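>>> here is my input, please return the structure:
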Amino acid sequence: MKPDFAFYYPGQYWLDADWIKNLILFFDGVAMLIPEYMEDHGRFADLPIVYSLREHNLFHVIRPEMSVGSEETELLASALVDIIASGRLEFLTTARDENVESFSFGSLSMSRLGFHGDPELARFMLEELKERGLASDSEDGKSIPMHRTVRALILVLLAQILKYKGADMGLTLSPATDQWRLVEALSEIMNDPEDSSPSLGEIVSFDMAMVGVDLGGVPIEEILNFRQQHYTQYRDYSLSVRNFARELSLMPEEERRLSFEQRQEQLDEVAQSLRRLGRAAWKKPVSFSLGLVGAVCSLVGENIMGSVLNLASTLLGNQPANENEIGVYSYLFSAPRRPY
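A predicted model of the protein is given here:
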């Protein structure tokens, strides 16, 4: 079984350095998509954590210059252009207004839009966005000014597309984020209000379960020692959440409600044992939570993510467990924010 790495997105910075101390308990490591011109993790508070994870082979950097090749760029373009054509981004076109606030724009590295994989196709995507006032030409030759919502959408798509690259690295990549809005974007992509096709897999969202404690003042080495002792309990929880989401999304609607309640009860029992374990070890209140939004798309239909991920599994050398289905999911982890 390949090591299961949390594939963090949307960028190279998580919102709070202490959150990763809990997340690492549930996975075999953390992977991040970071362009070559950026620091692997530049914030001072994060460096001791990153160094320790690297020392224990628990931190893996994925370079978009190498991983977003021609096939991945084609997959990204297929999804993004279909979304643009569907009109689901029209509410953002007010960005053309010269009075729009500048904070509505951020930057996306050119490599993550596929300029190293297929420059012509990447340029086509950029022109489509520019035409709608959602992006502009690069000012530094490395990044593209882009509406933050579109940037988030692209990073959601990449997290799902690139998870199939994990096999080339000897890893299983499990998309994970600490930002609700990106999980919501995943749900919006899956749930096209204009598409009533029964082939679209149902979204299954497991409630955020409080399963960890405040580890802010605990040195990362102590946490890694604790992780080594209790690896199985935490890893089994994260895998159970994902497997339950898959099972439920494939069930007929009439069976799903009862089964969901039963599955949630089983997960609650496991979560309770993790809470007891954490409190006993650290003598701190429970504060960290982990949940998941997931679905299984039938590949019979023409929904965007189902079609794109079907192509991804084929082009990138991986097949889904069932030839007629593909999984789309993202873990969400949360903890109280701290001021920097």
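
>>> going by C-alpha atoms from here, please, whenever you check contacts or count neighbours.
Noted.

>>> for the stretch 1-150 of the chain, which spans come out with low pLDDT?
For the stretch 1-150 of the chain, residues meeting the criterion pLDDT under 70 lie at 40-45, 94-103.

>>> which stretches in it count as strands?
Here the stretch 1-150 of the chain has its strands, by DSSP state E, counting those that start in this stretch, at 4-8, 29-33, 59-62, 105-109, 143-147.

>>> how about the ones you listed in CSV, adding mean neighbour count and distance to Gly170?
Output for the strands of the stretch 1-150 of the chain, formatted as CSV (neighbours: other C-alpha atoms under 10 Å; distance: least, C-alpha to C-alpha, whole Å):
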stretch, mean neighbour count, distance to Gly170
strand 4-8, 24, 10
strand 29-33, 24, 12
strand 59-62, 20, 11
strand 105-109, 20, 26
strand 143-147, 22, 30
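
>>> would you mind giving the ones you listed as JSON lines with distance to Gln272 added?
What follows is the strands of the stretch 1-150 of the chain, written out as JSON lines (distance: least, C-alpha to C-alpha, whole Å):
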{"stretch": "strand 4-8", "distance to Gln272": "22"}
{"stretch": "strand 29-33", "distance to Gln272": "23"}
{"stretch": "strand 59-62", "distance to Gln272": "28"}
{"stretch": "strand 105-109", "distance to Gln272": "40"}
{"stretch": "strand 143-147", "distance to Gln272": "41"}
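
>>> out of those, flag the one nearest Ser238.
Closest approach to Ser238 among these (C-alpha to C-alpha): strand 4-8, 10.0 Å.

>>> just the angle for that closest one relative to strand 29-33, thanks.
40 degrees (axes from the mean of the first three to the mean of the last three C-alpha atoms, to 10 degrees).

>>> and the contacts of stretch 117-127?
Contact with stretch 117-127 is made by 65, 68-74, 77, 80-81, 111, 113-115, 135-136, as judged by C-alpha atoms under 8 Å, 6 or more residues apart in numbering.

>>> from these, which land in helices?
Counting by DSSP state H, these place 65, 70-74, 77, 80-81 in helices.

>>> taking those, please make a PyMOL selection of just the buried ones.
Entered in PyMOL, the line below selects the buried ones among the ones in helices among the contacts of stretch 117-127, by 16 or more other C-alpha atoms under 10 Å:
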select buried, resi 65+70+71+72+73+74+77+80
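
>>> and the ones in helices among the contacts of stretch 117-127 as CSV, adding distance to Trp282?
Formatted as CSV, the ones in helices among the contacts of stretch 117-127 follow (distance: C-alpha to C-alpha, whole Å):
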residue, distance to Trp282
Glu65, 41
Ser70, 48
Glu71, 47
Glu72, 43
Thr73, 45
Glu74, 48
Ala77, 47
Leu80, 45
Val81, 49
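
>>> host element of the nearest residue in space to Pro10 that is not next to it in sequence?
Excluding the flanking residues, the one nearest Pro10 by C-alpha to C-alpha, 6 or more residues apart in numbering is Leu155, at 5.7 Å. Under the criterion of DSSP states H and E, Leu155 resides in helix 148-162.

>>> elements contacting that helix?
Secondary-structure packing of helix 148-162 (3 or more C-alpha pairs under 8 Å, 6 or more residues apart in numbering; DSSP states H and E): helix 70-86, strand 105-109, helix 180-190, helix 304-315.

>>> list the buried residues of that helix.
In helix 148-162, counting by 16+ other C-alpha under 10 Å, buried: 148-162.

>>> what mean pLDDT would you report for the lengthiest strand in the chain?
Longest strand of the chain, by residue count under DSSP state E: strand 286-298. Model confidence over strand 286-298, given as mean pLDDT, is 77.

>>> what lines up beside it in the sheet?
Using DSSP bridges, strand 286-298 pairs in its sheet with strand 204-213 (antiparallel), strand 325-334 (antiparallel).

>>> need the winner for burial among those strands.
Mean neighbours per residue, mean count of other C-alpha atoms under 10 Å, is largest over the strands paired with strand 286-298 for strand 325-334, with a mean of 23.

>>> quick check: mean pLDDT across that strand?
Summarised as a single mean, pLDDT over strand 325-334 is 78.

>>> then it to PDB, C-alphas only?
Only the C-alpha atoms of strand 325-334 are listed here, as PDB (Å, rounded to 0.1, in the frame of the first residue of the first chain):
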ATOM      1  CA  GLU A 325     -16.800   5.400 -11.400                       C
ATOM      2  CA  ILE A 326     -14.200   7.800 -10.200                       C
ATOM      3  CA  GLY A 327     -13.800   9.500  -6.800                       C
ATOM      4  CA  VAL A 328     -13.700  13.200  -6.100                       C
ATOM      5  CA  TYR A 329     -13.000  14.200  -2.600                       C
ATOM      6  CA  SER A 330     -11.200  16.700  -0.400                       C
ATOM      7  CA  TYR A 331     -10.400  16.600   3.300                       C
ATOM      8  CA  LEU A 332     -11.000  19.700   5.300                       C
ATOM      9  CA  PHE A 333      -9.100  20.300   8.500                       C
ATOM     10  CA  SER A 334      -9.800  23.100  11.000                       C
END
